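S.K.: make a model of this:
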Amino acid sequence: MPNSEPMIVPSPLDTTPADARKGRVLVVDDHPNMVTSLAILLRNQGFQVEEAVGGEAAYARLSDEASFDVVVTDLRMDRVDGMAVLQRALEVSRSTQVIIMTAFGSIANAVAAMKAGAYEYVTKPFSDEELLIKVAHAAEKNRLLAHVRLYSDEFKDRYRLDNIVHRSEPMRDLLARVVRVAQTDATVLVTGESGTGKELIARALHANSRRAQQPFMPVNCAAIPETLLESELFGHAKGAYTGALKARRGLFEEASGGTFFFDEIAETTVSFQAKLLRAIQEGEIRRVGENAATKVDVRVIAATNVDLKIAIQEKRFREDLYYRLNVVPLRVPALRERREDIPLLSRYFLRRFDERNETRHNFSDAALDRLTAYDFPGNVRELENVVEQAAALTGHETIGPADVLVDFGGHTGPPLPKDNSLSAAVDAAERNAIERAIILCDHDLGAVARLLRVSGTTLWRKMKRLQIRRR
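M.R.: A predicted model of the protein is given here:
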């Protein structure tokens, strides 16, 4: 251990305790003596240290929403290894810096851990000074990221992408397209099941565009009676109909310069669709009761949970309007297609519930497993309701699987396969376990094999037989 360290003179206004300023560190190893000695070393240098003997204990520590600045973890541990601890730490907070401790012969695995998001690794045996320097640098990086987040609030508020909680590949691909398309004025058709967050995507498109400082006008077409829809959108002249006591600008004019969002576009009538098509094509509208056209400059985004091609075949939707709207199609994936996001979203909704109600809750692993296994036909909206229901009804700080009230059709887990044979049920259970482990280990099959305690060859054979593909 070094005899001295550079003197740090705190600001006269800085009343934060020294250990809190240095950083909060979690030390993980399956050898208790190693954990104790490292914890003493770091505490003596002013860090706030928590200890976890083994990967399972680390999981329990990391389940707390109060994330760590730095996690120092051994790579090779029984049952739950360092790769799994790394993934869990980054799941709780992407800004947490993870340092991997590894033996000389496992450097390749340590490099793989860095590719998966680890900050640095140290090779055993290492000196106290080497570890302290790396922990100090990692804590400083975490502080810098915190400052960036603090000063980028205005940016995040503008772009609103931080409101879209995700880590899955389908959502990353979707948001990458959002950023590219938003820079244009192209008309966008957002499709997806009910509750997937189509309006959130529309708002992200607007906030990323050159129109971000202008109005964003959302209209739910299903919520406005057909007789009023044209007047609401295009406006009306004085005396255009009974009750029209004065001229009124429509929402299209109010949104001029900005973005107009048509939600539930399939719920409009064919006659209204013809007028809307003209407004989009010509960039002008006619108020009800007037002959003169009024120029408007709006970007149009439409959304629907209906298959418009089927609606066209059934004569419920105009084909020409479909092609005018479908210049850039964006499909929001259903929640069952992005199961990796369910734990993140669940914690996000639970945190919001606790902030509103001044309570404190967390999820057990079994509760998160139950949430992840459910298909959520109502998607993100249903997940939010389930999480708030669980938090409101549980009598404990930790939400367990019994508190998660979802219906698996009479079963306590994922639905059984149509083939009710024992072998089919075993295959379904193995497939579920492997797919979850792949998500947990970020598609690192070596880490998956260690987590499931099987050989790499056995894992490969099972994946081939069960037709499981990794990214």
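S.K.: now the strands for the stretch 151-300 of the chain?
M.R.: Ranges of strands in the stretch 151-300 of the chain, per DSSP state E, counting those that start in this stretch, are 188-191, 216-220, 235-236, 248-249, 259-263, 284-285, 294-295, 299-304.
S.K.: for the helix ranked longest in the chain, packing partners?
M.R.: Using DSSP state H to define each element, the chain has its longest helix at helix 128-151. Using 3 or more Cβ pairs under 8 Å, 6 or more residues apart in numbering; DSSP states H and E, the elements in contact with helix 128-151 are helix 32-44, strand 70-74, strand 97-103, strand 120-124. C-beta: built from backbone N, CA, C; applies to glycine.
S.K.: one more time with 6 Å
M.R.: Helices and strands touching helix 128-151, by 3 or more Cβ pairs under 6 Å, 6 or more residues apart in numbering; DSSP states H and E, are strand 70-74, strand 97-103.
S.K.: thinking again about what came up before, which of the strands of the stretch 151-300 of the chain sits closest to Ala113?
M.R.: strand 188-191 (37.5 Å; Cβ to Cβ).
S.K.: show me the contact partners of that closest one.
M.R.: Identification of contacts with strand 188-191 by Cβ atoms under 6 Å, 6 or more residues apart in numbering yields Lys198, Ile201, Ile301, Ala302, Ala303, Leu325, Asn326, Val328, Pro329, Leu330, Arg331.
S.K.: about what we covered before: format the helices and strands packed on helix 128-151 as a markdown table; extra columns: mean pLDDT, distance to Asp365 and mean neighbour count.
M.R.: Below are these laid out as a markdown table (pLDDT from 0 to 100; distance: least, Cβ to Cβ, whole Å; neighbours: other Cβ atoms under 10 Å):
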| stretch | mean pLDDT | distance to Asp365 | mean neighbour count |
| --- | --- | --- | --- |
| strand 70-74 | 93 | 18 | 27 |
| strand 97-103 | 89 | 20 | 23 |
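S.K.: CSV for these, including distance to Ala255?
M.R.: As requested, the helices and strands packed on helix 128-151 are arranged in CSV below (distance: least, Cβ to Cβ, whole Å):
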stretch, distance to Ala255
strand 70-74, 48
strand 97-103, 45
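S.K.: re earlier: nearest to Gln313, out of the strands of the stretch 151-300 of the chain?
M.R.: strand 299-304 (15.2 Å).
S.K.: can you pull the buried residues of the closest one?
M.R.: Buried residues in strand 299-304, counted by 16 or more other Cβ atoms under 10 Å: Arg299, Val300, Ile301, Ala302, Ala303, Thr304.
S.K.: just checking, Lys22 touches Gln45?
M.R.: No: the pair Lys22 and Gln45 does not pass the contact test of Cβ atoms under 6 Å, sitting 7.2 Å apart.
S.K.: who has more neighbours, these two?
M.R.: Between Lys22 and Gln45, counted using other Cβ atoms under 10 Å, the more crowded position is Lys22 (24 against 20).
S.K.: residues touching the more buried one, list them.
M.R.: Lys22 is in contact with Gly46, Phe47, counting by Cβ under 6 Å, 6+ apart.
S.K.: ditto for the one 3 residues further on
M.R.: Applying Cβ under 6 Å, 6+ apart to Val25 gives the contacts Leu42, Phe47, Val49, Val70.
S.K.: look up how far Met77 lies from it.
M.R.: 18 Å (Cβ to Cβ, to the nearest Å).
S.K.: re the thing from before, check the offset of the longest helix of the chain from the chain's centre.
M.R.: 25 Å (Cα atoms, centre = their mean, to the nearest Å).
S.K.: pull the CA atoms of that helix into CSV?
M.R.: The C-alpha coordinates for helix 128-151 follow below in CSV (Å, rounded to 0.1, in the frame of the first residue of the first chain):
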residue,chain,number,x,y,z
ASP,A,128,-2.0,-2.1,-4.1
GLU,A,129,-0.9,1.1,-5.9
GLU,A,130,-1.9,-0.3,-9.3
LEU,A,131,-5.4,-1.1,-8.1
LEU,A,132,-5.8,2.2,-6.3
ILE,A,133,-4.8,4.2,-9.4
LYS,A,134,-7.3,2.3,-11.5
VAL,A,135,-10.2,2.6,-9.0
ALA,A,136,-9.5,6.3,-8.6
HIS,A,137,-9.5,6.8,-12.4
ALA,A,138,-12.7,4.8,-12.7
ALA,A,139,-14.4,6.9,-10.0
GLU,A,140,-13.3,10.1,-11.7
LYS,A,141,-14.7,8.9,-15.0
ASN,A,142,-18.0,8.2,-13.3
ARG,A,143,-18.0,11.7,-11.8
LEU,A,144,-17.3,13.2,-15.2
LEU,A,145,-20.2,11.3,-16.7
ALA,A,146,-22.4,12.6,-13.9
HIS,A,147,-21.3,16.2,-14.8
VAL,A,148,-22.1,15.5,-18.5
ARG,A,149,-25.5,14.3,-17.6
LEU,A,150,-26.1,17.3,-15.4
TYR,A,151,-25.1,19.8,-18.1
